[in-house]
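Asks: only geometry, no sequence info:
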């Protein structure tokens, strides 16, 4: 019996063309190595970084490859919060991999306040005006809701404070212009747009102060140390703009 897959909101099947394109890179050398094979891997990795940046209207040095959106959201929220603890505004309809780091911030002494949403699950104009008056140290708002598809006023809230945007549910479905959006950080996950599982992207605006969660390496400006997954990154770079208008 033939099965029909209908759960693309949770994960999209990896395209066969993606698997084939990754195949030459599965045996790639360590991109941090100085020998010829290592330099080839580094070139493939940086080409992927440039493609990802171009498709999302970012700079290559703003692209950090992660293991997925969960890691990227944790790195962004815990890395941006800083000291001393201050006010963080967020919508109550964020994904759990955003809500749980926010709870961790609350436990560390941050004041976490949730914005009201209307019947459609969208932050209304009145709440945006209130947010501006509160002058938060950090704001958090997803690009598109992962269950309803509702698009949020990210650009407007980004005018009120440094803002983290989880765009995992939007990538590949609507155009994303990182710089125009005004966000400080933005998260993607490749398996949401027919790329491979196990790789995500965190965009970090130039000049933003982001404290790492991991230590023990210099990779990716020491913000996310560890050997980069060349094959996964290569196909993320090709798929990051899929479905763009």
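Replies: In hand now; what should we look at? Fair warning: this is a prediction, and the values are worked out from it, not measured in the lab. Numbers count the residues shown, from 1 in each chain.

Asks: now do the helix ranked longest in the chain: everything it contacts.
Replies: Longest helix in the chain by number of residues (criterion: DSSP state H): helix 36-55. Here helix 36-55 makes contact (C-beta atoms under 8 Å, 6 or more residues apart in numbering) with 25, 28-33, 58-60, 62-63, 65, 201, 228, 230, 233-238, 240-241, 244. Just so you know, the C-beta spots here come from the backbone N, C-alpha and C atoms, and that holds for glycine as well.

Asks: rerun at 7 Å
Replies: 25, 28-32, 59-60, 62-63, 201, 228, 230, 233-234, 236-238, 240-241 (C-beta atoms under 7 Å, 6 or more residues apart in numbering).

Asks: in that helix, which residues are buried?
Replies: Of the residues in helix 36-55, 40, 41, 42, 44, 45, 46, 48, 49, 51, 52, 53, 55 count as buried by neighbour count, 16 or more other C-beta atoms under 10 Å.

Asks: equivalent analysis for stretch 227-234, please.
Replies: 228, 229, 230, 231, 232, 233, 234.

Asks: state the distance from residue 181 to residue 58.
Replies: 10 Å (C-beta to C-beta, to the nearest Å).

Asks: of those two, which one has the most company?
Replies: residue 58 (23 against 19; other C-beta atoms under 10 Å).

Asks: mind checking pLDDT for the more buried one?
Replies: At residue 58, the pLDDT value in this model is 97.

Asks: and what of the one 10 residues further on?
Replies: The pLDDT attached to residue 68 in the predicted structure is 95.

Asks: and for it, nearest residue in space, chain neighbours not counted?
Replies: With sequence-adjacent residues excluded and distances taken as C-beta to C-beta, 6 or more residues apart in numbering, residue 68 is closest to residue 200, at 4.1 Å.

Asks: and the strand or helix carrying residue 165, what does it pack against?
Replies: Using DSSP states H and E, residue 165 maps to strand 163-166. Judged by 3 or more C-beta pairs under 7 Å, 6 or more residues apart in numbering; DSSP states H and E, strand 163-166 is in contact with helix 69-81, helix 154-157, strand 185-189.

Asks: what does the last one rub up against?
Replies: Spelled out, it's strand 185-189. 68-69, 72-73, 76, 80, 164-168, 171, 178, 200-204, 208, 240.

Asks: same thing but at 6 Å, please
Replies: If you take C-beta atoms under 6 Å, 6 or more residues apart in numbering as the criterion, strand 185-189 is touched by 68-69, 72-73, 76, 164-168, 171, 178, 200-204.

Asks: again with stretch 91-100
Replies: Contacts for stretch 91-100 (C-beta under 6 Å, 6+ apart): 70, 73, 114, 115, 121, 123, 141, 142, 145, 146, 166.

Asks: hmm, try it at 10 Å
Replies: Stretch 91-100 is contacted from outside by 68-74, 76-77, 90, 101-103, 112, 114-117, 121-123, 127, 139-142, 145-148, 150, 152, 157, 164-166, 168-169, 187, 189, using C-beta atoms under 10 Å, 6 or more residues apart in numbering.
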